[in-house]
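K.L.:
Make a model of this:
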Amino acid sequence: MKFKDIINSVKTYFFLGVIYIGFLALLAGLGYRGRWRPMGELNPYFVAFGIILILPLLYWLIKIKLRDRAVKAENEKRIKNLKQDGLKIEIDLNKVKINSSSWQEKIITDNSQYAGLNEVVGRGDRNFKLVNRTLNQISFKKTFMGRTITYRESIKMDTDNLKIHLVLKKKTILYIDPDDRTNMYLDLEFLK
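P.N.:
Residues are numbered from 1 along each chain as shown. The predicted structure follows:
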């Protein structure tokens with residue numbers, strides 16, 4: 001592990017510790033004394049201290065939300081520009097290769113006190129369910145203006161449904177930026 005990674009993990013644990021202490025201070029300031037004891041008096045100093053310690057969490061959540069919106073808007077703008085100004089290549093969807101990867105994933109369905117009892121009596125299978133996941137990668141090669149274009153994209157969809165959609169649509173458009181040939185967009189909006 002690199003020194004930079006160690007510093008980043010220490011920062012993360014410190015941040016989480018400050019947030020945890022903030023929640024505890026807020027609860028103590030509101031008079032929380034435990035599950036079975038009556039509420040105590042309000043202590044405004046502890047409430048203010050807890051809120052001050054929780055503010056970095058709110059700042060971080062808002063920052064991530066705004067960054068995600070900016071990335072989504074930038075991607076939509078890039079796609080819009082490609083559709084307007086990009087070179088258009090018609091792609092025959094019947095010639096597209098589909099490589100499928102399927103796996104089963106365990107999803108925990110029961111975290112209650114009864115889950116432990118299920119394990120004790122030998123029925124631990126009741127605590128989770130198996131879900132089938134499929135990831136398809138479509139790929140094709142197309143010669144355009146003397147250059148071979150290789151395109152790959154991953155799609156989370158059942159393989160049979162994907163094949164049906166591709167057969168029904170038959171053709172779609174690949175948009176390529178004339179200035180940057182690595183900037184491409186395949187119109188697969190019919191899959192949504």
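K.L.:
May I ask which helix or strand of the protein has the lowest mean pLDDT?
P.N.:
Ranked by mean pLDDT, DSSP states H and E, the weakest helix or strand in the chain is helix 113-120, scoring a mean of 72.
K.L.:
Could you list the residues in contact with that one?
P.N.:
Asp110, Gly124, Arg126, Asn127 (CB atoms under 8 Å, 6 or more residues apart in numbering). (Each C-beta comes from the backbone N, C-alpha and C, glycine too.)
K.L.:
And the residues you listed, which two are furthest apart?
P.N.:
Asp110 and Gly124 (9.8 Å; CB to CB).
K.L.:
top strand in the chain by residue count?
P.N.:
For the chain, the strand that runs over the most residues, judged by DSSP state E, is strand 128-144.
K.L.:
and Gly124, what is it in contact with?
P.N.:
Counting by CB under 8 Å, 6+ apart, Gly124 touches Asn118.
K.L.:
Distance check, it against Arg133.
P.N.:
In this view, Gly124 and Arg133 are 22 Å apart by CB to CB, to the nearest Å.
K.L.:
Now the spatially most central residue of the chain: which helix or strand?
P.N.:
For the chain, the residue nearest the mean C-alpha position is Asp68 (10.7 Å; CA atoms, centre = their mean). Take DSSP states H and E as the rule and Asp68 turns out to sit in helix 44-85.
K.L.:
Report the strands that pair with the helix or strand following that helix, each with its relative direction.
P.N.:
Downstream of helix 44-85, the first helix or strand assigned by DSSP H and E is strand 87-92. If you go by DSSP bridges, strand 87-92 pairs up with strand 171-176 (antiparallel).
K.L.:
residues making contact with the partner strand?
P.N.:
Against strand 171-176 from outside (CB under 8 Å, 6+ apart): 79, 82-83, 86-93, 142, 144, 149, 151, 183-188, 190.
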